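Student: quick one, structure for this:
(2 chains, ligands or ions: 4)
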Amino acid sequence: MSKPGKYPVRIPRKTLNRCFFMLLVLILTLQFQEVLGVQRFPRPEFESGYVQPETLQPSARSGVLAIVDVLILIISLAVVSWLVIKRRSRLLVFWFSLFSLVYFGFYRQGCICSIGAIQNVTLGIFDSTYIVPITVIAFFILPLVFTLFFGRTFCAGVCPFGAMQDLVSFKPQKLGARMNAILGLIPYIYLGLAVLYAATRSDFIICRYDPFVGIFRFDASFGMFLFAGALLISGIFIARPYCRFICPYGVLLNWVSRFSWKHLTITPSNCIQCRLCEDSCPYDAIDMPVTVKNPETKSATTRKFILICLLVPFFTLLGGFTTSRIHETLAKVNRKVALTNMLLETSNNKDQPESIDVTTFKSSGKPISQVYSEASLVLKQFYTGSWILGCFLGLVIGITLAYRMVMIYRTDYIPNKGTCFSCTRCVDYCPVERNNEGLTK
Amino acid sequence: MNRRRFLTTGIRASILAGIGGAGAMVASKAGAEQLVWQLDPAKCLQCGRCATDCVLTPSAVKCVHVYAMCGYCDLCGGYFKPDTKTLTTAAENQLCPTSALKRKFVEDPFFEYTIDEPLCIGCGKCVKGCSSFGNGSLQLQVRHDRCVNCNQCSIARNCPADAFSRVPLSKPYLLKQVNEESQAAELTGKKGSSDE
Ligand code: SF4
Ligand code: SF4
Ligand code: SF4
Ligand code: SF4
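Tutor: Ligands and ions are numbered 1, 2, ... in the order given. Now for the predicted structure:
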């Protein structure tokens, strides 16, 4: 079988190779772990002057460029805020949003993302071993800070997701206040789940179910393409469906924007109630004036107040209780819990083929009890987490209901500071000119 | 109205303080350096998910050859299927489904093995063969010229061996290297035995 070697003293390599091969198969089956990583065959001494090639290790995108990204974010936020608050120009905001779509979307492919950064920050708080890169923190915080000063100008022209959806909103329809309120609860659920899964080190669901990143990369699973397609098609009739009814970062921006220092106004001066802007907002974000038709009696107000005081805590507790009932289902996303379930399943019915996870786990030689105890620890975290999540959601539902109950008197047409994306479409509808105090008097 | 403005300003200030506080809390242990994903070949069990679970097609994970560890064997556990009779480069003998692992004669009896990276899909078949029967010089790695550095690597979540972690950008590879000492020991040991 073996060819004679060049030098008679040396045993031919091939024979050696084969002997080792046989031997190793034997040893390997006995103690797989021990042998891994050991140099079984010596490095040859070449006689023909052969030069060993280097192992190429191409480097990743340079860290300097990440700083450049943050700088571009700051400049973009500043420019869009200026365009919205000072220039009040829809056209310029639109052109800038195209730039953002190309840079943050198609060029950077969406993975420097304020929305996803929620999870990094959460993980950074709950996992002491995870070190959040400073650029990710910047992407999380800067839009919030700008929103606190100027409203959601990030959404108007910097976020590539918003820009993408704005491109297709050809025929926006009104949804009505109730529909908006109900669908508007989804982002709270999404935000709560994202925080829960990030805090328990289970998954980054915002990134996993990000519909647009697949479009930016022209590469995604069939399901995600379907989701993205559905969003864009429904986006023709429901303007910015992701922003209004899915985006978890939008929840934070909404809260912060309510207290913004200078927010976009529809009229540059005083509203004359001409109603021209009434239907101009594709997102139903303009609050109409509420004229007092039937002023409430004092006792009715008191009754409402008591009802709200009872409703909100009731919904909070109900939410917490209900969600804590399903904490085991929620925990299935976690790898350790999933593995435990798979192990239990394979031990219960032996004739089913075991999954890769079970096979690899068995070959790793870890004790099963360790996985079980780790999984039960995760389950405990999920129990606490689901109570908090449920209470939060219940509170949100309670407050939403309460908010719809109370009368808020308003005399002018103003953008709702929470839900307005500062897109400045409505501005063009207002006939009032700047500094025309006289007109209204 | 004045009271209301006072209240709003107060809330605004506290939100700003809140954002700043949360930021500072995370930033207190933030790293200035970017992180990238990498898998540890010492943990990897070559389950095949690296080929299927990356957001890119084909995967950003590829086989990498650490030549310094290679034995340049004629009978390569990474190149040939286990039941191969003739050690030729015929496609039916090859373990690699895409023929990405190339074999070149160097000098008797040594062969050099190179990965044609555009062809490699990161299935890890050759890696399994090499680490089971050879030196383990073929190893899977996330190739950073391809990887888009997802916020959460989609393979990492499904890796049954927990081999993925975030590593600093300045040291983006986790290749197993030759252990010079053990190699020297083995070399002398083998020389001794072959002299007998
Ligand atoms: S709501 Fe969310 S997705 Fe929409 S523009 Fe704002 S941050 Fe982007
Ligand atoms: S998923 Fe993990 S175990 Fe499977 S091939 Fe990749 S690194 Fe190896
Ligand atoms: S066997 Fe798989 S991992 Fe190895 S070179 Fe071929 S495609 Fe790449
Ligand atoms: S980070 Fe993304 S692109 Fe890179 S290996 Fe993981 S899934 Fe693939």
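Student: would you map out the domains in chain B?
Tutor: Under the assignment automatic domain parsing, the domains of chain B span B:1-32, B:33-187.
Student: which one of those is the most hemmed in?
Tutor: Using mean count of other C-beta atoms under 10 Å in any protein chain shown, the stretch among the domains of chain B with the largest mean neighbour count is domain B:33-187, at a mean of 19. Any C-beta I mention is one placed from the backbone N, CA and C, and that applies to glycine too.
Student: okay, now the unreliable bits of the chain?
Tutor: Reading this off chain A. Scanning chain A for pLDDT under 70 picks out the ranges A:1-38, A:293-294, A:435-441.
Student: oops, chain B please
Tutor: In chain B (pLDDT under 70), the answer is B:1, B:178-196.
Student: show me the helices in it, by range?
Tutor: B:2-27, B:49-52, B:125-133, B:180-195 (DSSP state H).
Student: indicate which one of the ones you listed is closest to ligand 3.
Tutor: Minimum separation from ligand 3 across the helices of chain B (C-beta to the nearest ligand atom) falls at helix B:125-133, 3.3 Å.
Student: and residue A:407, its phi and psi?
Tutor: Main-chain dihedrals, residue A:407, degrees, to the nearest 10: phi -90, psi 130.
Student: how about it, what does it touch?
Tutor: Residues in contact with residue A:407 (C-beta atoms under 8 Å, 6 or more residues apart in numbering or on different chains) are A:290, A:296.
Student: now do it against residue A:273, distance only.
Tutor: As judged by C-beta to C-beta, to the nearest Å, residue A:407 and residue A:273 stand 19 Å apart.
Student: quick one: the residue of chain A found nearest ligand 4 and ligand 1, what's the gap?
Tutor: Nearest residue of chain A to ligand 4: residue A:111, at 8.2 Å (C-beta to the nearest ligand atom). Distance, residue A:111 to ligand 1, by C-beta to the nearest ligand atom, to the nearest Å: 15 Å.
Student: now the residue of chain B at minimum distance from chain A. Nearest residue, chain neighbours left out?
Tutor: In chain B, no residue comes nearer to chain A than residue B:71, which is 2.9 Å away by C-beta to the nearest C-beta. Once flanking residues are discounted, residue B:71 sits nearest to residue A:41: 2.9 Å by C-beta to C-beta, 6 or more residues apart in numbering or on different chains.
Student: pull the number of nearby residues for the one you found.
Tutor: Using other C-beta atoms under 10 Å in any protein chain shown, residue A:41 is surrounded by 21 other residues.
Student: can you check residue A:230 too?
Tutor: Counted with other C-beta under 10 Å, residue A:230 comes out at 12.
Student: helix or strand for it, which one?
Tutor: helix A:222-237 (DSSP states H and E).
Student: flag every buried residue along that helix.
Tutor: Buried residues in helix A:222-237, counted by 16 or more other C-beta atoms under 10 Å in any protein chain shown: A:224, A:227-228, A:231-232, A:235.
Student: next helix or strand past it?
Tutor: Using DSSP H and E, the first helix or strand after helix A:222-237 is helix A:241-245.
Student: so which residue of chain B comes closest to ligand 1?
Tutor: Closest point on chain B to ligand 1, by C-beta to the nearest ligand atom, is residue B:151, at 15.0 Å.
Student: and residue A:119, helix, strand or coil?
Tutor: Three-state assignment for residue A:119 (DSSP: H, G, I helix; E, B strand; the rest coil): helix.
Student: hmm, it is touching residue A:249, no?
Tutor: No. In this structure, residue A:119 is not within contact of residue A:249 by C-beta atoms under 8 Å, at 10.5 Å.
Student: what do the two both touch?
Tutor: By C-beta under 8 Å, 6+ apart, no residue touches both residue A:119 and residue A:249.
Student: how about the residues of chain B by ligand 3?
Tutor: B:63, B:95-96, B:98, B:100-101, B:115, B:120-127 (C-beta under 6 Å from any ligand atom).
Student: hang on, the earlier thing: how about the residue of chain A closest to ligand 4, what does it touch?
Tutor: A:207, A:213, B:148-151.
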